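*Asks:* Starting from these lines, generate the structure:
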Amino acid sequence: MVMSEPCFDNSFSMNTILTNAVKEGVEANVSSSVKLTDSLELPISCSDKNNNPSGEAADLSRKTDLSKAEAPIKEELSVEGQNVHVTLDDSDLWRKFKTLTNEMIVTKNGRRMFPVLKLKVKGLETNAMYSILLDFVAVEDHRWKYVNGEWVPGGKPEPTTSSSVYIHPDSPNFGQHWMKGAVSFTKVKLTNKMSGEGQVMLNSLHKYQPRVHVIRVGAPEGERTISTHTFPETQFIAVTAYQNEEVRRSLSPK
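*Replies:* All right, here's what the predicted structure looks like:
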């Protein structure tokens, strides 16, 4: 398992994170994906904070430090976040795919991820209510193409899709529930054309970084988002068909 390293800065907050999601399902027992508004404030990573000491909110166009990240990043967005620890299960499997440049299939009807994103969460208050959410951030300012057995930059990126967040179907739930076993995102589907609930829309031939957000239900506005976690080995290029034969073979049972 891999544990994300802390980066604490309370000079900014994700106080508008998933405002629509909170209204549409974070505090209801449903599983869905929710589009975000353009006013969504996103966290600043450690290297962004160094380059931006004013603490201004980041947006989806700020990708450079994610593309270069080697170690997990933990962004603590409230005091409670200092106690929250999230580790990645199957990290060896993820690293194996990263060495090949991992690919994830996107289809009109949505395709489930492999490897599946599974996490262990510790440090929550056992009797407090939390929701856990997943989104995907583009990490390069270009698209990709597969040429002569390798991925190379392939020109200007497509316009950014409307960002959407997947709400884990167990949300909301007690901290005790989230900490008793692996939190698995087995049901999220990646699509290149939104057509149903539980889907996240991505552009094909673009590289993405999954991010996990821990949200405290019922907390005052500005304190709902406890922490955000990214694991660089989970980055992948979205494709409509596998390009690297080694990736395809790695998916087949031995």
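
*Asks:* Show me the helices in this protein, by range?
*Replies:* For the chain, applying DSSP state H gives helices covering 19-21, 46-51, 64-68, 91-99, 175-179, 245-251.

*Asks:* Residues in contact with the longest one: which ones?
*Replies:* Counting by CB atoms under 8 Å, 6 or more residues apart in numbering, helix 91-99 makes contact with 1-2, 88, 102, 115, 231-236, 247, 250, all of which sit outside it. All C-beta spots, glycine's among them, are computed from the backbone N, C-alpha and C.

*Asks:* mind pulling up the phi and psi values for the closest residue to T186 other than its chain neighbours?
*Replies:* Leaving aside its chain neighbours, T186 sits nearest to V116 (5.3 Å; criterion: CB to CB, 6 or more residues apart in numbering). Dihedral angles of V116 (phi, psi; degrees, to the nearest 10) stand at phi -80, psi 140.

*Asks:* and V116, how many residues sit next to it?
*Replies:* 15 (other CB atoms under 10 Å).

*Asks:* Model confidence for the nearest residue in space to M129 that is not next to it in sequence, exactly?
*Replies:* Ranked by CB to CB, 6+ apart and with sequence neighbours excluded, the top spatial neighbour of M129 is V217, at 4.0 Å. Predicted confidence (pLDDT) at V217: the value is 94.

*Asks:* circling back: now which of the contacts of helix 91-99 would you call buried?
*Replies:* V2, L88, N102, P115, F231, P232, E233, T234, Q235, F236, V247, S250 (16 or more other CB atoms under 10 Å).

*Asks:* which ones are touching the third one?
*Replies:* Same thing as N102. W94, T234, Q235, F236, I237, V247.

*Asks:* Look up how far R112 lies from it.
*Replies:* 14 Å (CB to CB, to the nearest Å).

*Asks:* And for the second one?
*Replies:* As judged by CB to CB, L88 and R112 stand 18 Å apart.

*Asks:* Then K120?
*Replies:* K120 sits 21 Å away from R112, going by CB to CB.

*Asks:* And F236, by the same measure?
*Replies:* For F236 relative to R112 (CB to CB), the value is 13 Å.

*Asks:* Please apply the same query to N83.
*Replies:* 32 Å.

*Asks:* what's the answer for F231, then?
*Replies:* 18 Å.

*Asks:* do T234 as well
*Replies:* T234 is 15 Å from R112, by CB to CB.

*Asks:* Right, I'll call it a day here.
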